[in-house]
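A.B. asks: structure for this input, please:
(one chain, ligands or ions: 1)
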Amino acid sequence: MHDTLTIKGSRKLDIEKVRKDFPILETTVYGYPLVYLDNAATTQKPLAVLKAMDDYYTTINSNVHRGVHALSQQATDAFELSRKKIAEFVGARHSYEIIFTKGTTESINLVAASFGRKFLKEGDSILVSGMEHHSNIVPWQMICEEKNATLKVIPVNEQGELVLDGLDKLLQSGVKLVAFNYVSNALGSINPVKEIIAAAHKYGIPVLLDAAQAVQHMEIDVAELDVDFLAFSSHKIYGPTGFGVLYGKEYWLNQLPPYQGGGEMIKTVSFEKTTYNDLPYKFEAGTPDMAGAIGLAAALDYLQGLGFPAIREAESELMAYATDVLQQIEGLRFYGNVANRAGVLSFLVGNIHPFDMGEILDKQGIAVRTGHHCAQPIMDQYCIPGTVRASLSFYNTPGEMDRLAAGIRKAVVLLS
Ligand code: PMP
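C.D. replies: Modelled structure (predicted):
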């Protein structure tokens, strides 16, 4: 018997069994068993995802929506079934509120370009937070520049929490949209999303939530959050790369003009006038990534098979263990030192440069990320060039955390 029932009734994950679903975890690097702690950059893919994509290409590959032939219809059915599953996964009321994109970055660019074009004017502003990924800063900066609008920032304190004291005042200073992350990829902080959404809605301001680092760790219900837009990437939730999702409330998606022009997003085209397609196709110009949608749906099926309560429990136990073993290392300090953290441990040791630490860990088969994590403003605030970031998944083990701690100690000896 592998599975055991916990008191709460949720099945505890059998990690050794789960790891067999991810063949890459069995590989070695420089002769050491791989310790993969770069899950915030991208997660590994279970066999179920690879098989679903392989099955798609080997049995029903065909372009969707436009074909009368059998294969095209089967591909369309599989593609639209994936959209339905993804809609259910995030709690969207309608499948057509799910727009397929290349990833979080494209989802945010879509809203920035489209919302900005229609609703931003000179003197307006967009509000982001001080701990955003560049992909939730630069698209807004670009549209603000075009419209002579300004980008405003919710401050972050020393521990890595958003400072909300001045939020009400900020919201009343010409803000047309608020965009911030649910979980910071640089610090791991889980932000008080409900509070911020409710505050913005008090003034009728829509909110875009960057959930790139949240969907893989916790259940999300867009209806309960009452969020207007939500973006995430398939590759960070055990699905394929190059595919992602934008959820938008029907009301807002209908307000926004199309992002890109081309096939699929039109109803009729003449040289005099083009009419646009209905949701979601209005925002999906060109041939979509069918295998991507099917792969992501397979990833969600896989995760639901494991059960989110069990995933959460495994990850929070592992986070607690990792925090404990790392903080015993002399000179190690965390960035993002908050109780409410998910998946990410960002740290520096003494005055060791994060790249040097990363290289020495790599030579021991331990994959971590080093640098500014595409979040330069928060690194600048802490006056550091970057951090070492170990990011965890349910498939990591306490033994791997011990290897990380031993690897750091070895680096300290070598670099001191
Ligand atoms: N936002 C956050 C919080 C992220 O962690 C990332 C990826 N590191 C992105 C946005 C961008 O995601 P992608 O590169 O998949 O578009």
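A.B. asks: and the chain, which residues reach the ligand?
C.D. replies: Within reach of the ligand by CB under 6 Å from any ligand atom, the chain has these residues: 40, 103-105, 133, 135-136, 181, 185, 210, 212-213, 233, 374. The way it works is simple: take the backbone N, C-alpha and C, and place the C-beta from them, glycine included.
A.B. asks: would you list the residues you listed in TSV and tack on secondary structure, pLDDT and neighbour count?
C.D. replies: Output for those, formatted as TSV (DSSP: H, G, I helix; E, B strand; the rest coil; pLDDT from 0 to 100; neighbours: other CB atoms under 10 Å):
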residue	secondary structure	pLDDT	neighbour count
A40	coil	98	27
G103	coil	98	23
T104	helix	98	27
T105	helix	98	21
H133	coil	97	22
S135	helix	98	24
N136	helix	98	25
N181	strand	98	30
N185	coil	97	25
D210	strand	98	29
A212	coil	98	27
Q213	coil	98	28
S233	strand	98	29
C374	coil	95	16
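A.B. asks: sec struct for R333, please.
C.D. replies: strand (DSSP: H, G, I helix; E, B strand; the rest coil).
A.B. asks: dihedrals phi and psi, the nearest residue to F229 once chain neighbours are set aside?
C.D. replies: Using CB to CB, 6 or more residues apart in numbering and skipping residues adjacent in sequence, the residue nearest F229 is L208, 4.0 Å away. Note on L208: backbone dihedrals following degrees, to the nearest 10 are phi -110, psi 130.
A.B. asks: verify the stated contact: L208 with L177.
C.D. replies: Yes. With contact defined as CB atoms under 8 Å, L208 reaches L177; the gap is 6.5 Å.
A.B. asks: for S107, helix, strand, or coil?
C.D. replies: helix.
A.B. asks: how many neighbours does it have?
C.D. replies: 31 (other CB atoms under 10 Å).
A.B. asks: hang on, it packs against A113?
C.D. replies: No. In this structure, S107 is not within contact of A113 by CB under 8 Å, at 11.2 Å.
A.B. asks: okay, and the helix or strand of the protein with the least pLDDT?
C.D. replies: Every helix and strand of the chain was ranked by mean pLDDT, DSSP states H and E. The lowest is strand 4-5, at a mean of 40.
A.B. asks: beyond that strand, next helix or strand please.
C.D. replies: strand 11-12 (DSSP states H and E).
A.B. asks: same for that following strand, what does it pack against?
C.D. replies: strand 4-5, helix 308-327 (3 or more CB pairs under 8 Å, 6 or more residues apart in numbering; DSSP states H and E).
A.B. asks: CA-only coordinates of the last one in CSV, if you can.
C.D. replies: This means helix 308-327. Extracted as CSV, the C-alpha positions of helix 308-327 are listed here (Å, rounded to 0.1, in the frame of the first residue of the first chain):
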residue,chain,number,x,y,z
PHE,A,308,-4.5,20.1,-4.3
PRO,A,309,-4.9,19.7,-0.5
ALA,A,310,-2.3,17.0,-0.7
ILE,A,311,0.0,19.1,-2.9
ARG,A,312,-0.3,22.0,-0.5
GLU,A,313,0.4,19.9,2.5
ALA,A,314,3.5,18.3,0.9
GLU,A,315,4.8,21.7,-0.2
SER,A,316,4.2,23.5,3.1
GLU,A,317,5.9,20.7,5.0
LEU,A,318,8.9,20.9,2.7
MET,A,319,9.0,24.7,2.9
ALA,A,320,9.1,24.5,6.7
TYR,A,321,11.8,21.9,6.6
ALA,A,322,13.9,23.8,4.0
THR,A,323,13.5,27.1,6.0
ASP,A,324,14.6,25.3,9.1
VAL,A,325,17.8,23.7,7.6
LEU,A,326,18.8,26.8,5.7
GLN,A,327,18.4,29.2,8.6
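A.B. asks: buried residues in that helix?
C.D. replies: Neighbour counts over helix 308-327 (16 or more other CB atoms under 10 Å) mark 310-315, 318-319, 321-323, 326 as buried.
A.B. asks: so where's this protein shaky on pLDDT?
C.D. replies: By pLDDT under 70, the weakly predicted segments of the chain are 1-10.
A.B. asks: domain ranges for it, per the record?
C.D. replies: 15-46+307-415, 50-304 (automatic domain parsing).
A.B. asks: so how far is the ligand from V325?
C.D. replies: 25 Å (CB to the nearest ligand atom, to the nearest Å).
A.B. asks: right, and that residue touches R403 too?
C.D. replies: No. Counting by CB under 8 Å, V325 sits too far from R403 to count as a contact (10.1 Å).
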